[in-house]
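Visitor: Output the structure for:
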Amino acid sequence: MAALLEYKCPCCGGAIQFDSGSQKMKCPFCDTEIDPEALKHYDDDLKKESSGEIVWQTPQGNQWAEGETDGMRVYVCESCGGEIVCDENTAATACPFCSNPVVMKGQFSGSLRPDCIIPFKLDKAAAKAGLLQHFRGKILLPKVFKDENHIDEVKGVYVPFWIYGADAQARVRYRATRVRCWSDSRYDYTETSYYSVLRGGSLGFDHVPVDGSTKMADDLMESVEPFDFSGAVDFQTAYLAGYLADKYDVTPEKSLNRASERIRRSTEESFARTVAGYSSVQTESADIQLANSSSTYALYPVWLLNTTWNGNRYTFAMNGQTGKFVGNLPVDKAAFWRWFVGITAAVAAVSYGLAWLAYLL
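Guide: As a prediction, this is how the structure comes out:
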């Protein structure tokens, strides 16, 4: 049976046909006109596009050597289920994730050995100082929070990360517009021209991190980035002395989706910055293929600070390598409304003054 050939309008998606009067392909729904040769190239480009699925090589991982974990212990939190790895001399009395008491579980076993580790560069005193610095300049922070706030727990935790690298070969198609406006004595006119913009090229990605713990909020861990991977060294259990290490509970296979999304988003943003001179730009499709992909299991240093105020628990995190400090703070509602009313009154006064000046002139 013969198949009916149908072309779709790249602007609205409606079926278009050849218009003998204009000698162009014309959409009866939005009146878009396209040169047949341009439509052919557009159709050929669509056929070349793949699903855009990013394919990774099988992630790597190492196994523990015999006797290497003899001096390691595991504490388990009965509240959140977190498993905390440390050496046998570390005192872990509270969970760094939910602050509830933890209990000894036993010998460490059953997980991949990290490939590398970034040792802590900053100590507990730096973490406490970072919290005080974090308070400064926050005009809406309740004063009583700063004065009466007591840190419940400060823990240095090695957070598990899956680190990915790849060379991305990308082909991205954008839908762009240019808008022109003009007027005559009777009407205002707006003309919108649509363009299909193609970008292709290669980008290299190194050390794309994805935290491998469900206990650590993804946005919190991404906020303390970046870590300087040049400071990473081959893993040795000696680096765990005096610190805790979270056991990964997100497999490298499940982390691939987040790594792929970070690479896809960065690629699209990088290419979009090259599309200039248009009124609007929107990504229509992105075909990204990876080559030379790799993965590494690493432990990154993070200080976790937990504090309780007004019945609410606040968690702060500091990059144990760079000192970058993040965490949400409470808001003084009364101070907020005073600030809002003051800003509103100031804007109103300026607007009134400008209007009066315009009247006088």
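Visitor: quick one: pLDDT of W339?
Guide: The confidence metric pLDDT takes the value 47 at W339.
Visitor: Run through the helices of the chain in chain order.
Guide: 36-48, 124-135, 143-148, 218-223, 252-272, 333-360 (DSSP state H).
Visitor: averaging pLDDT over each of those helices, which comes out lowest?
Guide: When I compare those, helix 333-360 is least confident, with a mean of 55.
Visitor: residues contacting A168?
Guide: S202, L203, G204, F205, I263, T267, I288, Q289, L290 (Cβ atoms under 8 Å, 6 or more residues apart in numbering). Backbone N, C-alpha and C define where each C-beta goes, glycine included.
Visitor: Model confidence score at it, please.
Guide: 86.
Visitor: and what of the one 4 residues further on?
Guide: Looking at V172, its pLDDT reads 88.
Visitor: Contacts only, for it.
Guide: V172 sits in contact with L198, R199, G200, T267, E268, F271, A272, T283, S285, A286, D287, where contact means Cβ under 8 Å, 6+ apart.
Visitor: again, only this time at 10 Å
Guide: 49, 52, 197-201, 264, 267-268, 270-272, 274-275, 283-288 (Cβ atoms under 10 Å, 6 or more residues apart in numbering).
Visitor: can you check R175 too?
Guide: 10-11, 194-197, 278, 280-285.
Visitor: Could you list the low-pLDDT ranges of the stretch 1-150 of the chain?
Guide: Along the stretch 1-150 of the chain, the parts satisfying pLDDT under 70 run over 1-7, 18, 20, 36, 39-72, 78, 86-94, 99-111, 137-150.
Visitor: Which residue ranges of the stretch 101-250 of the chain form strands?
Guide: With DSSP state E, counting those that start in this stretch as the criterion, the stretch 101-250 of the chain has strands at 102-107, 116-117, 151-183, 188-211, 233-234, 244-246.
Visitor: Would you mind measuring from the closest residue to W182 other than its chain neighbours to A176?
Guide: Take W182 and drop its neighbours on the chain: the residue closest to it by Cβ to Cβ, 6 or more residues apart in numbering is Y189, 5.2 Å away. Relative to A176, Y189 is positioned 21 Å away (Cβ to Cβ, to the nearest Å).
Visitor: cool, S285 as well?
Guide: Taking Cβ to Cβ, one finds S285 at 14 Å from A176.
Visitor: same deal with R113?
Guide: In terms of Cβ to Cβ, R113 sits 49 Å off from A176.
Visitor: the more surrounded of these two?
Guide: The residue with more neighbours, out of R113 and A176, is A176; 18 against 14, by other Cβ atoms under 10 Å.
Visitor: OK, contacts around the more buried one?
Guide: Per Cβ under 10 Å, 6+ apart, neighbours of A176: 193-197, 275-282, 284.
Visitor: Restricted to buried residues, select the residues you listed in PyMOL.
Guide: Filtering those down to the buried ones (16 or more other Cβ atoms under 10 Å) takes a single PyMOL command:
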select buried, resi 194+196+197+275+278+281
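Visitor: could you dump the contacts of A176 to JSON lines with distance to R180 and pLDDT?
Guide: Output for the contacts of A176, formatted as JSON lines (distance: Cβ to Cβ, whole Å; pLDDT from 0 to 100):
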{"residue": "S193", "distance to R180": "8", "pLDDT": "89"}
{"residue": "Y194", "distance to R180": "13", "pLDDT": "88"}
{"residue": "Y195", "distance to R180": "13", "pLDDT": "89"}
{"residue": "S196", "distance to R180": "19", "pLDDT": "87"}
{"residue": "V197", "distance to R180": "18", "pLDDT": "89"}
{"residue": "V275", "distance to R180": "18", "pLDDT": "89"}
{"residue": "A276", "distance to R180": "17", "pLDDT": "88"}
{"residue": "G277", "distance to R180": "13", "pLDDT": "90"}
{"residue": "Y278", "distance to R180": "12", "pLDDT": "91"}
{"residue": "S279", "distance to R180": "9", "pLDDT": "91"}
{"residue": "S280", "distance to R180": "13", "pLDDT": "91"}
{"residue": "V281", "distance to R180": "17", "pLDDT": "89"}
{"residue": "Q282", "distance to R180": "19", "pLDDT": "87"}
{"residue": "E284", "distance to R180": "22", "pLDDT": "86"}
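Visitor: TSV for the contacts of A176, including distance to F29?
Guide: As requested, these are exported to TSV (distance: Cβ to Cβ, whole Å):
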residue	distance to F29
S193	17
Y194	13
Y195	19
S196	18
V197	23
V275	26
A276	30
G277	27
Y278	23
S279	21
S280	20
V281	23
Q282	19
E284	18
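Visitor: closest to S295 out of the strands of the stretch 101-250 of the chain?
Guide: Closest to S295 of the strands of the stretch 101-250 of the chain, according to Cβ to Cβ: strand 151-183, at 5.3 Å.
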